[in-house]
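Participant: Got a sequence here, can you build the structure:
(chains A, B, C and D)
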There are 2 protein chains.
Amino acid sequence: MDKAKQKRLEAAGWKVGTVQDFLELSPEESLLIDIRARLALVLSERRKAQSLTQAELARRIRSSQSRVAKMEAADGSVSLDLLVRSLLALGTTRKELAAAIAGK
Amino acid sequence: MDKAKQKRLEAAGWKVGTVQDFLELSPEESLLIDIRARLALVLSERRKAQSLTQAELARRIRSSQSRVAKMEAADGSVSLDLLVRSLLALGTTRKELAAAIAGK
DNA sequence: TCCGAGTATGTCAGAAATGACATAGGACGC
DNA sequence: GCGTCCTATGTCATTTCTGACATACTCGGA
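Facilitator: Below is the predicted model:
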């Protein structure tokens, strides 16, 4: 977005900024959300790579299809614990997990 | 422990094995516990490196001294979420977090 | 078009984690 | 000894997460 457009929007009463600004997240909060998103993505990738459905993965970790869907969507209602446990259940190693968090 | 001692203990009715065997943890479960222990250790180290007391860290993350103590003790009642949030509150970066999980 | 398999989304009772508090233990100086 | 500071451990009411369920959406193939 260029400066001119920003000026116009602000003149019209709009707030301009990042999603972070909008939701007023602290740096740590957005970092945590970032980490969750990364793990969610890896979970989804690994599950598909193993040709498992969400329902199958759910059975394996004694959860439900809906919770797996929420995990992969990085829904705010899922904990890191559950995400990590799921990844481990898919055979992810400590180092792979670390790589997922560190980014490629 | 040498084989001879093991034989003697078993003859006396003792079970011999690792803690994992004893608690009957699955590989994923013990991996998760391992990860928690690593994060707990790093948390403790980082806090001390910054000359903070448990109470001070607790205030910063809006928790309590007792919970911080439990975190550092890798108590089973603390979640990964809380551990990670605490680490982030101490300025840990994604990459440092990853390194803590991967091991040195 | 309808079906079927997979995925997404909403809700909720029960389970687990949480912060707060009390209190005990440990290490240090006085 | 006593007091002070920090940490450890236990308990508990409240908050948050969880699995289960229902139901809606998507996208191929027939």
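Participant: quick one: the helices in chain A?
Facilitator: Using DSSP state H, the helices assigned to chain A run over residues A:3-11, A:19-23, A:27-49, A:54-60, A:65-72, A:80-89, A:94-102.
Participant: Same list, those, but as CSV with mean pLDDT please.
Facilitator: Formatted as CSV, these follow (pLDDT from 0 to 100):
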stretch, mean pLDDT
helix A:3-11, 60
helix A:19-23, 56
helix A:27-49, 95
helix A:54-60, 98
helix A:65-72, 98
helix A:80-89, 98
helix A:94-102, 97
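Participant: Is A:Lys95 in contact with B:Ala102, as I believe?
Facilitator: Yes: contact status for A:Lys95 versus B:Ala102: in contact at 5.0 Å, counting by CB atoms under 8 Å. C-beta coordinates here come from the backbone N, C-alpha and C atoms, glycine included.
Participant: Which one's more surrounded, those two?
Facilitator: Neighbours were counted for A:Lys95 and for B:Ala102 using other CB atoms under 10 Å in any protein chain shown; B:Ala102 has more, 18 against 12.
Participant: Without its sequence neighbours, what residue ends up closest to that one?
Facilitator: The shortest distance from B:Ala102 to any non-neighbouring residue, by CB to CB, 6 or more residues apart in numbering or on different chains, is to A:Ala98 (3.6 Å).
Participant: burial count for A:Ser51?
Facilitator: Neighbour tally, A:Ser51, other CB under 10 Å: 7.
Participant: And it, what's its pLDDT?
Facilitator: For A:Ser51, the pLDDT comes out at 97.
Participant: how close does it get to A:Leu90?
Facilitator: 12 Å (CB to CB, to the nearest Å).
Participant: how about the residues of chain A near DNA strand D?
Facilitator: Residues of chain A found near DNA strand D (CB under 7 Å from any atom of the strand) are A:58, A:61-67, A:76-79, A:81-82.
Participant: Recalculate using a threshold of 6 Å.
Facilitator: Contacts of chain A with DNA strand D, taken as CB under 6 Å from any atom of the strand, map to A:Arg62, A:Ser63, A:Ser64, A:Ser66, A:Arg67, A:Ser77, A:Val78, A:Ser79, A:Asp81, A:Leu82.
Participant: which residues sit in contact with the residue nearest the centre of chain A?
Facilitator: Centroid-nearest residue in chain A: A:Ala37, 1.7 Å away (criterion: CA atoms, centre = their mean). Neighbouring residues of A:Ala37 by CB atoms under 8 Å, 6 or more residues apart in numbering or on different chains: A:Ala74.
Participant: hmm, 10 Å instead?
Facilitator: A:Ala73, A:Ala74 (CB atoms under 10 Å, 6 or more residues apart in numbering or on different chains).
Participant: A:Arg85 contacts A:Ile61, doesn't it?
Facilitator: Yes: using CB atoms under 10 Å, A:Arg85 is in contact with A:Ile61, at 6.3 Å.
Participant: Find residues that contact each of those two.
Facilitator: By CB under 10 Å, 6+ apart, the residues touching both A:Arg85 and A:Ile61 are B:Glu28.
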